[in-house]
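Chemist: Got a sequence here, can you model it:
(one chain, ligands or ions: 1)
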Amino acid sequence: MLTLLWGLSALVLCTSCSENNDQITEPNSVEQTAETPWSKSVPKNVIEAATKLDLNVDHLRYDTFYFPDGTSEERLFIEEDIVMTEQEILALAKFTDGRQYATNNLVSQGRNISIIGYTGFLYGLSSKERNALSMAVNNYNSLSGVSISFTLTFGTNYQNKDMVVYRNPFQFGSGGSAGFPNNGLPHKWVQIYGLSSYNVDVIEHVITHEIGHSVGFRHTDWFSRESCGQNTNEGDAGVGANHINGTPTGYDATSIMLSCFHSGVNGEFNSNDITALQAMY
Ligand SMILES: [Zn+2]
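Modeler: Numbers count the residues shown, from 1 in each chain. From the prediction side, this is the model:
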C-alpha cells in the first residue's frame with residue numbers, strides 16, 4: 001500500500017494508525033507485522049529475485065489481494081504498495097538484469113491504454129474518487145513527448161480493459177496498490193482505500209502514483225523510504241541501479257513516486273517525474 005505519512009499534529013491525534021504500524025519492521029526483515037493474518041514467510045528464492053530487481057525487501061510480505069468482483073488471492077506486497085504474484089517476480093528476475101529492469105518491463109511504446117473507473121457495488125469509486133481519477137488520467141494525457149496515452153471510461157465492464165481502478169473497502173490505512181507492466185501491457189489492477197476523508201488532490205496523487213507503478217515507475221526513494229520517515233537501506237549496493245537519465249539520484253522531496261504521501265500533496269507530477277516519463281516513453 002502507498003502508506004500515508006501523518007503530519008506531526010495527526011500523530012498526536014492518531015497514535016495507533018495501522019499505516020504507521022505497517023512500516024515498523026526491522027531492516028532486511030521479512031517477518032510479518034503483527035496485524036497481518038499471514039504467517040507465511042517469504043521464501044529465499046523470492047527474496048533473492050526481489051533483490052536482483054533492486055526492489056526494497058524490507059517490506060516484502062504476503063497478503064490478501066481483492067479483485068473488484070469480491071474474489072481474492074494471496075499475493076506478494078513489495079515496498080508496501082507494489083503487488084505481484086510469486087510467478088511474476090520470479091519470471092521478471094529470471095529474464096532481467098536488474099540494471100535494465102526499467103527498460104525491459106514497460107508498456108509498449110505508443111499504446112493507448114484503456115482504463116476504467118469501477119462504479120459497481122462495494123468496490124466502486126465515489127464521485128470524488130472518480131473526479132480524482134479523471135485528474136490523474138489528465139496528468140498523463142497532458143504530457144508532451146510521452147508516447148503512451150489513456151482512454152478513460154466509467155462502469156463495471158472491466159474484463160476487456162487494460163486497467164481498472166477501484167476502491168477496496170476492507171483495507172486498513174490510507175493509500176493504494178498496483179504492480180508492474182508485463183508483456184507490453186500495464187498492470188491491470190489499481191486499488192485505492194481509506195481516502196474518503198482526503199481532498200481530491202490527495203486522491204489524485206495516490207491514483208497518479210499507482211498508475212505510475214502500472215506503467216513501470218519505481219519508488220524514487222525505494223532505497224531509503226525517506227518519505228515514510230525511514231532510512232532503512234542507506235548504503236545499499238543497488239542504490240541508483242535503475243536511475244533514469246536526467247533525474248536526481250538522491251532524495252527528491254516532491255516526486256509523485258515517493259513511497260509515502262502526506263495530506264498536503266497537490267496531485268501533480270514534478271518536473272523530474274515528467275523527465276522520467278519522457279525518457280521511458
Ligand atoms: Zn508506490
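
Chemist: and stretch 196-213, which residues are buried?
Modeler: For stretch 196-213, a neighbour-count test (16 or more other Cβ atoms under 10 Å) marks 198-200, 202-213 as buried. (Each C-beta comes from the backbone N, C-alpha and C, glycine too.)

Chemist: which of these sit farthest apart?
Modeler: For the buried residues of stretch 196-213, with distances taken as Cβ to Cβ, the pair at the greatest spread is Asn199 and His213 (22.3 Å).

Chemist: what about Ala50, helix or strand, and which?
Modeler: For Ala50, the enclosing helix or strand under DSSP states H and E is helix 44-52.

Chemist: buried stuff in that helix?
Modeler: Buried residues in helix 44-52 (16+ other Cβ under 10 Å): Val46, Ile47, Ala49, Ala50, Thr51, Lys52.

Chemist: what does stretch 183-198 give?
Modeler: Residues Pro186, His187, Lys188, Trp189, Val190, Gln191, Ile192, Tyr193, Gly194, Leu195, Tyr198 are the ones in stretch 183-198 that count as buried (16+ other Cβ under 10 Å).

Chemist: Make JSON lines out of the buried residues of helix 44-52 and add distance to the ion.
Modeler: Listed next are the buried residues of helix 44-52 as JSON lines, based on distance: Cβ to the ion, whole Å:
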{"residue": "Val46", "distance to the ion": "19"}
{"residue": "Ile47", "distance to the ion": "20"}
{"residue": "Ala49", "distance to the ion": "19"}
{"residue": "Ala50", "distance to the ion": "15"}
{"residue": "Thr51", "distance to the ion": "18"}
{"residue": "Lys52", "distance to the ion": "20"}
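
Chemist: just to revisit the earlier point, CA atoms of the helix holding Ala50 as CSV?
Modeler: As requested, the backbone C-alpha atoms of helix 44-52 are provided in CSV (Å, rounded to 0.1, in the frame of the first residue of the first chain):
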residue,chain,number,x,y,z
LYS,A,44,14.6,-17.3,-0.1
ASN,A,45,14.3,-17.5,-3.9
VAL,A,46,11.7,-14.8,-3.8
ILE,A,47,13.8,-12.6,-1.6
GLU,A,48,16.7,-13.2,-4.0
ALA,A,49,14.5,-12.3,-7.0
ALA,A,50,13.4,-9.1,-5.4
THR,A,51,17.0,-8.2,-4.5
LYS,A,52,18.1,-8.9,-8.1
